[in-house]
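Chemist: Got a predicted model here, sequence first, then my questions.
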Amino acid sequence: MARISRPTLELLSHDHATRIATLKISYTVRLTAFEASLTGLQYKEDIELWGADAFNSDDYLLRLATEYFPLEDDGIVERERTVTVPAGILDEDEWIAPTDEIYAKIWIAPVMPTGATAETNEISHEFGD
């Protein structure tokens, strides 16, 4: 099974005037020898942003659009996603605390190559009585 290493969340910018923030999520995928040998194998990637709360359950903030990525010949894939969001989404503590603690959850799963598909010709007929 593939492993995720070095998951990192970085704040690239936060414009206080427009209240827009840009974040970068990066990590490395290390595949097994078997996975690396599979022709046509792709991985599905899902990333969510969460707000950490010390005294309550963590707050779900945002889910990035699902992406798919192919394998690399050496079995190592460097992934990086950048997202720009309204700062209000990241303001998970609101007025309670001025500093917000944000982290990302990353999921990857293999998507096996599909088989062949085809459509037949169309026929016309009255199938009613």
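Modeler: Here it is on my side, so go on.

Chemist: How far off centre is the lowest-mean-pLDDT helix or strand in the chain?
Modeler: Lowest on mean pLDDT, DSSP states H and E among the helices and strands of the chain sits helix 33-37, with a mean of 84. On the basis of C-alpha atoms, centre = their mean, to the nearest Å, helix 33-37 is displaced by 22 Å from the centre of the chain it belongs to.

Chemist: which stretches of the protein form strands?
Modeler: Applying DSSP state E to the chain gives strands spanning 3-15, 20-30, 42-51, 59-63, 67-70, 76-86, 102-111.

Chemist: packing partners for the second one?
Modeler: Judged by 3 or more C-beta pairs under 8 Å, 6 or more residues apart in numbering; DSSP states H and E, the packing partners of strand 20-30 are strand 3-15, strand 42-51, strand 76-86, helix 87-90, strand 102-111. Any C-beta I mention is one placed from the backbone N, CA and C, and that applies to glycine too.

Chemist: For Tyr103, name its beta-bridge partners.
Modeler: Beta-bridge partners for Tyr103, by DSSP bridges, are Trp50.

Chemist: if I look at it, how far off is Ser26?
Modeler: 13 Å (C-beta to C-beta, to the nearest Å).

Chemist: before we move on, what about Glu67?
Modeler: From Glu67 to Ser26 the distance is 13 Å (C-beta to C-beta).

Chemist: Overlap in contacts, those two.
Modeler: Arg81 (C-beta atoms under 8 Å, 6 or more residues apart in numbering).

Chemist: More neighbours: these two, which one.
Modeler: Using other C-beta atoms under 10 Å as the criterion, Glu67 and Ser26 rank with Ser26 on top: 16 against 12.

Chemist: how much space is there between the residue lying closest to the more buried one once chain neighbours are set aside and Ile106?
Modeler: Nearest non-adjacent residue to Ser26, counting by C-beta to C-beta, 6 or more residues apart in numbering: Glu80, 4.4 Å away. As for Glu80, its distance to Ile106 is 12 Å (criterion: C-beta to C-beta).
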